[in-house]
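*Asks:* Generate coordinates for the sequence data below:
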Amino acid sequence: MRGLVIGAGYVGSACIAEWPNENDTFTATTTRKERIAELETIASHVEVVNINNREKLAELLDDADFAIICVAPKDRAKYAETYLETAQAVSQALQERKHPLYLLYTSSTSVYGDHQGKEVDVSSPLLADSENGRVLIETENCYLKISNDYVDVCILRLGGIYGPGRDILNRARRMSGKKIAGKDFPTNNSPLDLIVKGIAHCVKNRVCGVRNLVESSHPTKQELYESLLKKLNLPPPVWTEPHQGGAVVSTNLDLLPVSRAGRN
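*Replies:* As a prediction, this is how the structure comes out:
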């Protein structure tokens, strides 16, 4: 099959490099010309595409059997531009689609917002009340509305992403001695290898609808980061209010996540 990765950054490029089906080919998109040479080592074809170039985006989608959308903003101020405008552009490009496409969008478990530490699943209300949270929810809705007789859509909500080059120890190191809120918030983490496995599983089985993909273990922020900082012989964070909140996100994908966040 012909795959298209829109936003071949940390997750997208890992999907291409570690894809289990060698018969599939990939076109990777990026917004930066300086990444062309790097992406050409793993993808069959590379395109520099700005989301405003909707004609080119439609052309790439028309040539794909499946598309994985892993866009991420360069800074938090560009959430709407990165997420929602991409979704709107993809929706417009697929309005006249008359042949099959499987579309997977990687979203975030942050859409659940504050459930005071209770367990949530895909039927739970989305309580994210920040502007960026609202953008993510609207983006998901935009993709879900694309679904029709020709286009199958999956929303894969991920937790805190970590893996090679994005070590969870480094995340802990940055917290040492800093004032951090939420010591009793449960953590929801998604290691890169699990994400790639999950995305490949969804594409192969054409999994539709909304799915959560996080590790099965949910230590509190205090439990996780203080244990990691202890290994590094660094002082813990200074915990500030609020201490309680967040949510325990329940995975509903037929995989067996292995909890490793506290073992690095």
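
*Asks:* Now the residue lying closest to residue 185 once chain neighbours are set aside: which helix or strand?
*Replies:* Using Cβ to Cβ, 6 or more residues apart in numbering and skipping residues adjacent in sequence, the residue nearest residue 185 is residue 246, 3.7 Å away. In short, each C-beta sits where N, CA and C put it, glycine included. Under the criterion DSSP states H and E, no helix or strand holds residue 246.

*Asks:* What of residue 155?
*Replies:* Element membership for residue 155 (DSSP H and E) is strand 151-158.

*Asks:* Please pull up the helix or strand immediately following that strand.
*Replies:* Following strand 151-158 in sequence order, the next helix or strand is strand 160-162 (DSSP H and E).

*Asks:* Flag every buried residue along the helix or strand just after that next one.
*Replies:* The helix or strand immediately downstream of strand 160-162 is helix 168-175, counting by DSSP H and E. Neighbour-count burial for helix 168-175 flags 168, 171-172, 175 (criterion: 16 or more other Cβ atoms under 10 Å).

*Asks:* would you put the C-alpha positions of helix 168-175 in PDB?
*Replies:* C-alpha atoms of helix 168-175 as PDB (Å, rounded to 0.1, in the frame of the first residue of the first chain):
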ATOM      1  CA  ILE A 168      11.900  10.600  30.200                       C
ATOM      2  CA  LEU A 169      14.900  11.000  32.400                       C
ATOM      3  CA  ASN A 170      15.600  14.300  30.700                       C
ATOM      4  CA  ARG A 171      12.000  15.400  31.400                       C
ATOM      5  CA  ALA A 172      12.600  14.600  35.100                       C
ATOM      6  CA  ARG A 173      15.900  16.400  35.100                       C
ATOM      7  CA  ARG A 174      14.200  19.600  34.000                       C
ATOM      8  CA  MET A 175      11.800  19.400  36.900                       C
END
